[in-house]
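Enquirer: could you work out the structure for the sequence below:
(one chain, ligands or ions: 1)
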Amino acid sequence: MTLADGYRLISTDASRARDVLHVTSFAFAFTVPQKDADFITRVYPFGAGRAVEVADASRGTIGTLAAAHTSFRFRLAVPGGHSLATSGLSWVSVHPGHRRRGLLTAMIADHFANSRARGEAISALYASETQIYQRFGYGLAARTAMIELSRGAKLRDSAGADELIVEIDSASYERHASVLQEVQSAMTRPGSIVDFEEVTVAEAFLDIEADRDGADELRIVIVRDGDSPLAWALLNRKANWDLHSPDGKVQVRAWGSAAPHATARLMRVLVDFDLMSKTALSRIALDDETLHLLVDPRGARASIEDNLWVRILDVASALEGRGYAADCDVTVAIQDTQLPDNAGTWRISVTGGEATVTRTDDDADLAMSIQELGAAYLGGTSIATLTRAGLVREHRDGAASELSRAMLSDLAPACNIGF
Ligand SMILES: CC(C)(COP(=O)(O)OP(=O)(O)OC[C@H]1O[C@@H](n2cnc3c(N)ncnc32)[C@H](O)[C@@H]1OP(=O)(O)O)[C@@H](O)C(=O)NCCC(=O)NCCS
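Expert: Predicted structure coming up:
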């Protein structure tokens, strides 16, 4: 779709920080005190910033921003122990005075073109509203749990957990971003961000006083094996007193772990802060060891949320860029109205865990839209399930289970870092 008359697409570097903050604060309904306004320069990757600028007085003041977005560029862990260059779409904002004129649609086309030009075969995002991005081919690739643990919630023993070292400190982007880098780079769960520019984690360290709502400053818990960090959590604690006793809450802002025994040790620390009666955590993979180690899993009051949405930008590179759990030889007709060079029939041949993906004139065994391929990509949503739901159509008996078994991942996908 072309951009509506009276607007133009531009790149935004840091010199447009105030304008970007203006349009994003209108779109997301937040206001920051003037003294904190420069936070945007720390958390927004201006290297990939794009915006829609008013170009005609009939649309508003010429030169003001009507819409903006940016992309975090990182490598995402994908099934089979591989990782893939990924474009993390974020900060998507259309000023309320310019909505429903196709500005988002034009920005998505621009985002796809720029991501592909950088060699990124997939795009991923967190959705503010789940209905927005499906029309652009993003599929729900990972779901995660939010839990609330009571003080002292019991966890079963995990071999080696007691030997690990725990450090609790005030959180500092300058001192601790490298800890996150080190832990994340060792993570193999599909959906984990394993290699990233530091700006990707800057928001997790943001600690604007006006946002604390009475909680203490941001703290970090690091679990180490000797000098090597294995797990981390960023958290705030908010004290509260009921009539007779302390009733504070630990809010874990973000956490990550590269080893199950480090997760167990981290969780034991998170449920054992004095004066706190509960601990809230999110972005927990649906098969995370925490949910199995809890003696009272029902007590965790788990609820499910959508986590990562994935859009395949380049079918052959994306499918050849991940590993597979079983051999298969399947032809798949893909429908993609926004990126027509993904559309058509592809042969997916897997041997020894690696795929060769080529165009074919043969009849298709399966047919699906690019959204379904994105949903299945990280190995957490099965092709068999999508077939049962009528979203994948099977033209050859057995083809759906063949591709389904090949694409499944041993570990459920989850992304633990917001972007
Ligand atoms: C969501 C948002 C970006 C949409 O921008 P927009 O420029 O109005 O979108 P478009 O005009 O390109 O709309 C494209 C289509 O998506 C639909 N759509 C857009 N936002 C939608 C929403 N929130 N829910 C359902 N449908 C939506 C439109 O109706 C339109 O459908 P149509 O093509 O059938 O007419 C904008 O409303 C916004 O900035 N919202 C607040 C911030 C936000 O939620 N950002 C997303 C962050 S993940």
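Enquirer: quick one: name the residues of this structure near the ligand.
Expert: With the criterion set to Cβ under 6 Å from any ligand atom, the chain comes near the ligand through 27-28, 92-94, 99-105, 127-129, 131-132, 135. Glycine gets a C-beta too; all of them are placed from N, C-alpha and C.
Enquirer: repeat the analysis, applying 8 Å as the threshold.
Expert: Applying Cβ under 8 Å from any ligand atom, one finds that the chain approaches the ligand through 1, 27-29, 67, 89-96, 98-108, 125-129, 131-133, 135.
Enquirer: whichever of those end up buried, select them in PyMOL.
Expert: Selecting just the buried residues from the residues of the chain next to the ligand in PyMOL takes one command, with 16 or more other Cβ atoms under 10 Å as the test:
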select buried, resi 27+67+89+90+91+92+93+94+95+98+101+102+103+104+105+106+107+108+125+126+127+133
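Enquirer: narrow the residues of the chain next to the ligand to those in strands?
Expert: Where these overlap with strands, as defined by DSSP state E, the overlap consists of 67, 89-94, 125.
Enquirer: burial count for the closest residue to Leu180 other than its chain neighbours?
Expert: With Cβ to Cβ, 6 or more residues apart in numbering as the criterion, Leu180 has its nearest non-adjacent residue at 5.1 Å, and that residue is Val201. Here the number of neighbours of Val201 (other Cβ atoms under 10 Å) works out to 25.
Enquirer: thinking again about what came up before, pLDDT and distance to Gln371 added to the ones in strands among the residues of the chain next to the ligand, as CSV?
Expert: Output for those, formatted as CSV (pLDDT from 0 to 100; distance: Cβ to Cβ, whole Å):
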residue, pLDDT, distance to Gln371
Ala67, 98, 23
Leu89, 98, 15
Ser90, 98, 20
Trp91, 98, 23
Val92, 98, 18
Ser93, 98, 23
Val94, 98, 22
Leu125, 98, 13
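Enquirer: closest one of these to Ala233?
Expert: Within those, distances to Ala233 taken as Cβ to Cβ reach their minimum at Ser90, with 22.3 Å.
Enquirer: so what's that closest one bridging to?
Expert: According to DSSP bridges, the residues that bridge with Ser90 are Thr70.
Enquirer: my guess is it meets Phe74, correct?
Expert: No. At 11.2 Å, Ser90 does not count as touching Phe74 under the criterion of Cβ atoms under 8 Å.
Enquirer: ranges for the helices of the chain?
Expert: For the chain, the helices defined by DSSP state H occupy 17-28, 39-43, 103-117, 173-185, 199-202, 260-270, 289-293, 315-320, 370-376, 383-388, 399-407.
Enquirer: deepest-packed of those helices, please.
Expert: Stretch with highest mean neighbour count among the helices of the chain: helix 370-376 (a mean of 26; mean count of other Cβ atoms under 10 Å).
Enquirer: how close does the spatially closest residue to Ser172 that is not a sequence neighbour sit to the ligand?
Expert: Beyond its immediate neighbours in the sequence, the residue positioned closest to Ser172 (Cβ to Cβ, 6+ apart) is Phe205, lying 7.4 Å away. When distance is defined by Cβ to the nearest ligand atom, to the nearest Å, Phe205 is 21 Å away from the ligand.
Enquirer: next one: the residue nearest to Leu180 from the ligand, what distance?
Expert: Relative to the ligand, Val201 is positioned 19 Å away (criterion: Cβ to the nearest ligand atom).
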